[in-house]
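**Q** Please work out how this folds:
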Amino acid sequence: MRRPNVLLILNDDMGYSDLGCYGGEIDTPNLDWLAMNGLRYTQFYNTARCCPSRASLLTGAYPHQADVGDMVGDDDMDGYLGDLSMNCATLAEVLSHNGYKTYMSGKWHVTGHYDSQHNWPCQRGFDRYYGMLCGAASYFAPKTLKVDNTSIEAPEGDFYFTDAISEAAIGHIEDHLRHHEGTPFFQYVAYTAPHWPLHARPEDIAKYAGKYDCGWDALREQRLQRMRDLGILGEEAALSERDPSQPAWEASECKSWQARRMEVYAAQIDRMDQGIGRILKALAAQGQLENTLIMFLADNGGCHEEIAGHWAEKLGGSLSAQAYTRDGKAVRFGNSPNIIPGAEDTYCSYGIPWANVSNTPFRKYKSWVHEGGISTPFILHWQAGISRKGEIRTQPAQLPDVMATILECTGARYPESINHRSIQPHEGFSMVPSFVNEPHSREILFWEHEGNAAIRRGKWKLVREYVTHWIKDEHLRPGQTRGLQPWELYDIEADRSELNNLADREPGIVAELEMLWHSWAKRCNVRPWDEVLAKRAEKST
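**A** Numbers count the residues shown, from 1 in each chain. Predicted coordinates for the structure are as follows:
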């Protein structure tokens, strides 16, 4: 068999149940087609936050090993330098050294050094790049845009970043096939959709008018039933309670504005799916679809972040936003019924209640390592290499396994050094045995993000939360204080929604898993979150 091309598609801040093929009502025919003609994984996991997930996906390492243990700020401690480690090899570097041409379009976000090129895509193995370096931006006028190593401005006129990411990927593929016939390619497509701000084309928003008037409570029930019907979850799956900070839909105010938030969010995903359809059409037109290994996933669960108060005020002067539109209007920041999201002069998010829908039926959101923060759709399509079609896989896997799987599928050798840099081994386990529904070698999964920690072995998941300083008093549980919380233990096979804490009943399992987690944390540069916060405070004085 010829070595396959590789198309890796990552989207940003999308929940587990948003896609049609995972139980959602959003129109995603192209991703649904990939699922129906490929495999859907129901227990694939990211690392709960954008840049740590991207670092892990790109390198096959855990985020802290790649020096992106939190975000892209420099905390002056190993694991938390906010700058992708030179002791890791990226997928692009590995595949380039094995005869592939490598391309990327979209969001980079694995370095905070926007003025130094040492960790930009073309310095980390990509032959061509189009996209932005930072983590969020206006869809109509994003900052930190680059073509290869050249800074550019968003063009005037009919520009929308999701479309530009799709078209750049198509351009890379078509140009590759014109000039490098017979050489396989790796194309990484990293969409910002549906990350805030809620920006979408009017025709896409109009498509969802009235779609969410039933509200978040009914929608969560409907999604769970479809997930059961599709086999994404079993009949035992239970719906977690509505976020306690949110009212029932019937008691909520400004229902039309609330529904509009979800309409725009859905439109963002819809437009991304349209772009994926154009990429697939380009592959098919060039005779490359059959022998292209395609993977799709999200970087974290649905995002609960409400844009309000001081944060909204600060955004206007940041890399994540423009203070004025391209035609000179002041951008209005914040989640308020006075600001109807969608247009370039708005900057809003869909917030807690709709993120609760996106993560149906699970608890928590982006940043947490409960199931709502780390569970992602994972679609794998490869006509030439996978004979099973439309099947569901339940084998647990996580981001480092993408590197291992691509290595086995392409026959690429993982290097010990690159450009005189010593490279640490990757941490992944190949998912190839799961293609024919056999178990693969991963036995234990690990997570840590900002003090939120988890380990899963077999059916048992041990998880704990770090309650941050910005949580409002009224959102604390009775008797709860900020900081590190006790470990919780769940039987994920019977209770994936994490509703029945068995820690008191199974202290031996808690102790055993906690010991394994601490051993992993020490090996992988994970530091106590209080220690990281203390270091930040020291640096700021």
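
**Q** measure the nearest residue to H426 once chain neighbours are set aside to H440 for me?
**A** Spatial nearest neighbour of H426, excluding adjacent residues (Cβ to Cβ, 6 or more residues apart in numbering): G60 at 3.2 Å. (C-beta placed from N, C-alpha, C; glycine too.) Distance, G60 to H440, by Cβ to Cβ, to the nearest Å: 15 Å.

**Q** ok so, going back, surely the residue nearest to H426 is in contact with A404?
**A** Yes. Using Cβ atoms under 8 Å, G60 is in contact with A404, at 6.5 Å.

**Q** Give me the more crowded residue out of the two.
**A** G60 (28 against 22; other Cβ atoms under 10 Å).

**Q** where exactly do the strands run in the stretch 1-150 of the chain?
**A** With DSSP state E, counting those that start in this stretch as the criterion, the stretch 1-150 of the chain has strands at 5-11, 39-45, 101-107, 128-132, 145-147, 150-151.

**Q** where does A141 sit relative to Q485, distance-wise?
**A** A141 is 41 Å from Q485, by Cβ to Cβ.

**Q** Then Y188?
**A** 36 Å.

**Q** and if you look at R527?
**A** R527 is 18 Å from Q485, by Cβ to Cβ.

**Q** Which one's more surrounded, the two?
**A** R527 (20 against 17).

**Q** didn't that one look like it was pressed against Y80?
**A** Yes. When contacts are counted by Cβ under 8 Å, R527 is listed as touching Y80 (6.9 Å).

**Q** Among the strands of the stretch 1-150 of the chain, show me which one is buried the most.
**A** With neighbours taken as mean count of other Cβ atoms under 10 Å, the strands of the stretch 1-150 of the chain reach their highest mean count in strand 101-107, at a mean of 26.

**Q** so where do the helices sit in the chain?
**A** Along the chain, counting by DSSP state H, helices occupy 29-36, 50-59, 91-96, 161-179, 202-206, 216-230, 255-285, 309-315, 351-358, 371-374, 400-410, 507-523, 529-540.

**Q** The second one versus strand 101-107: what angle between them?
**A** Angle of helix 50-59 versus strand 101-107, following axes from the mean of the first three to the mean of the last three Cα atoms, to 10 degrees, is 170 degrees.

**Q** next one: helix 50-59 to chain centre, how far?
**A** Relative to its chain's centre, helix 50-59 lies at 9 Å (Cα atoms, centre = their mean, to the nearest Å).

**Q** Report the contact partners of K107.
**A** D12, C50, R54, G131, M132, C134, G135, A190, Y191, T192 (Cβ atoms under 8 Å, 6 or more residues apart in numbering).

**Q** List the contacts of the closest residue to the second one other than its chain neighbours.
**A** With Cβ to Cβ, 6+ apart as the measure, D299 is the residue that lies nearest to C50, at 5.1 Å, once sequence neighbours are left out. For D299, the contact set (Cβ under 8 Å, 6+ apart) comprises L10, N11, D12, D13, N46, R49, C50, S53, R54, L57, T376.

**Q** now K389
**A** M36, N37, G38.

**Q** State the number of residues packed around G483.
**A** Other residues close to G483 by other Cβ under 10 Å number 14.

**Q** is it true that it touches P528?
**A** No. Counting by Cβ under 8 Å, G483 does not reach P528; the two are 10.8 Å apart.
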